[in-house]
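need coordinates for the following:
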Amino acid sequence: MLRVALFAFAAASVLSAAVVKQTPGAMIDFGAAEIDAAIKAGRVSDRFVIRVAAGTGIEPDGYSVQATQSGAARTITITGADARGAMYGALDVAEMVRAGRPAITDRVHKPSLRVRGYHFNLPLKSVRMDEYTDFVQRDRPDWFYDLDGYWDPFLDQLARWRYNQITLWDPHPYDRIVHLKKYPEAHSVPAAEIDRNIRFFRELFRRAKLRGIDTYLITWNIHVSHAFAKAHGISDTGQDTPLVRDYMRECVRTLIETYPDLTGMGTAPGERMTRVPDTKHMEGPEKEEWIKDTYTRAIRESGRNIPFLHRYWEGRPKAVEDFAADYKDIGPVYVELKFNGEHLYSLPTPHFYESGWTEQKPRNYRILWHLWNSDMYVMRWGDPDFVRQVVRNCQSEYSDGFMYGTEFKIPGEDRIHSAAASKHVTWKYEWQRRWYTKMLWGRLGYDADLPEQRLHGQLAERFGPRAARPLYLALQNASRLMLEVTNFHWNYMDYDWWVEGCVGPADNRQPRTGDAFHDVHEFIYNYTIEDRWLNIPEYVERMLTPGVSRSGGHLTPYDVADRVEADARSALARHAEAAALVNGATGEWECTSSDIRALAELGLYYAEKIRGATDLMFAYRSKDKERQASAVRHLEAAVGHWEKLTTINDSHYKPHIIISHSTTEPYSWGKYLPHVKNDVEIARELRPAPEKLKIRHRFGTTERDYI
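Model prediction:
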């Protein structure tokens, strides 16, 4: 179980004389309590002073640490540029004390990124979210309203992980969280439930503020409540009328007036914005005019100056710049850009965005990179080197940071373990199970140069100091191979590809080969994330064309397979080392061990599948029987690894919905074993690919006949 400190902890505990708070405030209290707990656990004799001092040259969210000696006594002074910086400094020192590192040296620390956000979809029944299934957990969201049991520990942990923003996403929450006096017919729930929600969200925003966490409410456009649409005989999505505009102004204005501790809000010029009466899709400037006439106008009328987070999706750079220029007297504007489409876990450099977003001048907005995780949300993931590279690539003169998260999972109750595996579950929530991943993005987002030993320390607290290093490497190897696979088998949209399960229909939810499973043909007829990776048809053409360089300096499919296998083998070897050294956290180790072994087997499966697909393409082109036989052997080996994966994961995780757009039935690895075996039959029979099979490009598809 994660060690958590509730908000009541700092106020209720009596600090030892060794901790002196020179500046009052909840964040200072929290940092001081963390140091005090570390002192009591480690019997440290130093004196610690925590303060905020403006004008010291420290950047916002930053801090300095200074050690002074007076005879045998030593005083550690933590000075923050602001309360949040002082809290982070105290948390840093507390961690070092807890790890037994008394040699705290003088230093000044500034954050690597100003904004380190967490994407959180609200588990409330709403308009667009009816499309989704597992991630909303709507059937019993009691945990969501538990301020003491769920939110206090979660917010505490976000602060420890150095997140300073949480964005709450919902297409249209207003009818459930504010009283719309002008449009009472819009409410979808009873007044008593709205009152309950108001009390809850006011307290949630207040508690987040006490931990230095900014809160934003993010919506899509155009949506209205089901009740409002029914009352006025209009569509609940996409319809622009004077009535809808006035209704939206009422929603936004009332929201801001109702929640004084809400930091900011945002929206998108989304897919559902159409003119009335011709019902044509709005263009970029029209969408921004709509947002100005609703959101901006309502915010002005509220009298508050708040930041605005403007999603880029369906927007145009020049039009959004015009919006930002108009809004700048109210507050700062952030523009959200997806870092690598909807698959963060690919390359550590951003792709697939229009250069105008970052290059146009003037630019009255700052970029927030959306680290959209549609890849790894069941098994544990942890490659610190990849995180560091992403963070450094988020650092620029036009960017302030990132928000990290997924559309498909919220960090609510951990419900995915089988009855047998639930015996090793010593936690309650998803964010506790996958703490390592979330910790890496927050801590390294704040300090990309955080020493590796500090991350070992995080693992050592749970699994013992001797196991920390090999476990760190096992997780890194098992995680890195997933990046390699997605870089080679690249698909832009979230519903196109889920690497943990080898599924995802393409072409806007329509499977190209009749099923969600990505069979051997899908692996042949698929593009790579960059030209420096050769896809299978390109590589085979090169090899069969006289006088053409075999690789031309590119990574070949066989290179990718070798890399993936090497990482998988290393993960298994490091896992074996760690298993012999683990001390403590028995249940968590059992769960972590299962994930590492499953990821390694999945990597070995992909390595053999890539080799088999490449050999099969050679057989299609040259009718070479030896190549065909080789394809069969590799794909048979792939079956063996999938069977091992199934044995591990289907006893560990119960079947559950994993990608809303890919399959509407609960997923299990065993369910797709017949599909895996069918790859062997395709190769054995030299069964041709379906006619007009599309090559999926980096964004979109095109048809090309390779056979």
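
longest helix of the protein?
In the chain, with assignment by DSSP state H, the single longest helix is helix 586-622.

so who does the most centrally placed residue in the chain touch?
The residue lying closest to the centre of the chain (C-alpha atoms, centre = their mean) is residue 405, at 2.4 Å. Each residue near residue 405 by C-beta atoms under 8 Å, 6 or more residues apart in numbering is listed here: 118, 119, 120, 121, 167, 371, 372, 373. Every C-beta, even on glycine, is put in place using the N, C-alpha and C of the backbone.

so what sits opposite it in the bridge?
Counting by DSSP bridges, residue 405 is bridged to residue 372.

now for the contacts of residue 405: which two are most distant?
Maximum pairwise distance among those (C-beta to C-beta): 14.9 Å, between 121 and 371.

which residues of the stretch 151-300 of the chain fall in helices?
For the stretch 151-300 of the chain, applying DSSP state H, counting those that start in this stretch gives helices covering 152-160, 174-177, 191-210, 226-232, 242-258, 284-291, 297-302.

quick one, grab the pLDDT at the residue nearest to the centre of the chain.
For residue 405, the model assigns a pLDDT of 90.

helices and strands of this protein: which one bottoms out on pLDDT?
Lowest on mean pLDDT, DSSP states H and E among the helices and strands of the chain sits helix 7-12, with a mean of 38.

contacting residues for the residue nearest to residue 479 when sequence neighbours are not counted?
Nearest non-adjacent residue to residue 479, counting by C-beta to C-beta, 6 or more residues apart in numbering: residue 383, 4.0 Å away. For residue 383, the contact set (C-beta under 8 Å, 6+ apart) comprises 475, 476, 479, 480, 483.

what's the answer for residue 304, then?
By C-beta under 8 Å, 6+ apart, the neighbours of residue 304 are residue 256.

next, it: secondary structure please.
With DSSP: H, G, I helix; E, B strand; the rest coil as the basis, residue 304 sits in coil.

pLDDT at it, what is it?
95.

so it versus residue 380, what's the distance?
Shown here: residue 304 relative to residue 380, a distance of 41 Å by C-beta to C-beta, to the nearest Å.

same question for residue 19.
35 Å.

can I get the helices of the stretch 151-300 of the chain in TSV with mean neighbour count and distance to residue 467?
Shown next, in TSV, are these (neighbours: other C-beta atoms under 10 Å; distance: least, C-beta to C-beta, whole Å):
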stretch	mean neighbour count	distance to residue 467
helix 152-160	23	22
helix 174-177	24	45
helix 191-210	16	35
helix 226-232	17	52
helix 242-258	19	48
helix 284-291	20	52
helix 297-302	17	52
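
distance to residue 460 added to those, as TSV?
Listed next are the helices of the stretch 151-300 of the chain as TSV, based on distance: least, C-beta to C-beta, whole Å:
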stretch	distance to residue 460
helix 152-160	16
helix 174-177	42
helix 191-210	30
helix 226-232	51
helix 242-258	45
helix 284-291	49
helix 297-302	48
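
picking up where we left off before, from the contacts of residue 383, which is closest to residue 279?
Looking at these and their distance to residue 279, the nearest is residue 483, at 42.5 Å (C-beta to C-beta).

which neighbouring elements make contact with the helix or strand hosting the closest one?
Taking DSSP states H and E as the criterion, the element that holds residue 483 is helix 465-488. For helix 465-488, the packing partners by 3 or more C-beta pairs under 8 Å, 6 or more residues apart in numbering; DSSP states H and E come out as helix 384-394, helix 452-463, helix 557-579, helix 586-622.

name the residues of the longest one that come out as buried.
Okay, so that is helix 586-622. Buried residues in helix 586-622, counted by 16 or more other C-beta atoms under 10 Å: 588-621.

still on that earlier bit, partner strands of the next helix or strand along the chain from the least confident helix or strand of the chain, with direction?
Later in the chain than helix 7-12, the nearest helix or strand by DSSP H and E is strand 19-21. Take DSSP bridges as the rule and strand 19-21 pairs in its sheet with strand 47-52 (parallel).

quick check: mean pLDDT of the partner strand?
Averaged across strand 47-52, pLDDT comes to 94.

can I get it in PDB? Just the C-alpha atoms.
Only the C-alpha atoms of strand 47-52 are listed here, as PDB (Å, rounded to 0.1, in the frame of the first residue of the first chain):
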ATOM      1  CA  ARG A  47      17.300  21.400  12.200                       C
ATOM      2  CA  PHE A  48      15.200  22.300   9.200                       C
ATOM      3  CA  VAL A  49      13.800  25.800   8.400                       C
ATOM      4  CA  ILE A  50      11.200  26.200   5.600                       C
ATOM      5  CA  ARG A  51      10.300  29.600   4.300                       C
ATOM      6  CA  VAL A  52       9.200  31.600   1.200                       C
END
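
give me the contacts around it.
Residues outside strand 47-52 that contact it (C-beta under 8 Å, 6+ apart): 17-23, 25, 28, 31-32, 35, 39, 73-83, 85-86, 89-90, 93.

mind checking which of these are in strands?
19, 20, 21, 73, 74, 75, 76, 77, 78, 79, 80 (DSSP state E).

check those and tell me the two furthest apart.
73 and 80 (23.2 Å).

give me the below-cutoff pLDDT ranges for this structure.
1-14, 16, 43, 101-102, 125-140, 505-514, 659-664, 690-707 (pLDDT under 70).

where is the longest strand in it?
Assigned via DSSP E, the chain shows its longest strand as strand 333-342.

mind saving the C-alpha coords of the helix or strand that that strand is followed by as CSV?
Following strand 333-342 in sequence order, the next helix or strand is helix 356-359 (DSSP H and E). Coordinates of each C-alpha in helix 356-359 appear next as CSV, following Å, rounded to 0.1, in the frame of the first residue of the first chain:
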residue,chain,number,x,y,z
GLY,A,356,2.2,27.0,-37.7
TRP,A,357,1.3,26.3,-34.1
THR,A,358,4.9,26.8,-33.0
GLU,A,359,6.3,29.1,-35.7
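
who touches helix 356-359?
By C-beta under 8 Å, 6+ apart, the surrounding residues in contact with helix 356-359 are 312, 317, 318, 320, 335, 337, 367, 396, 398.
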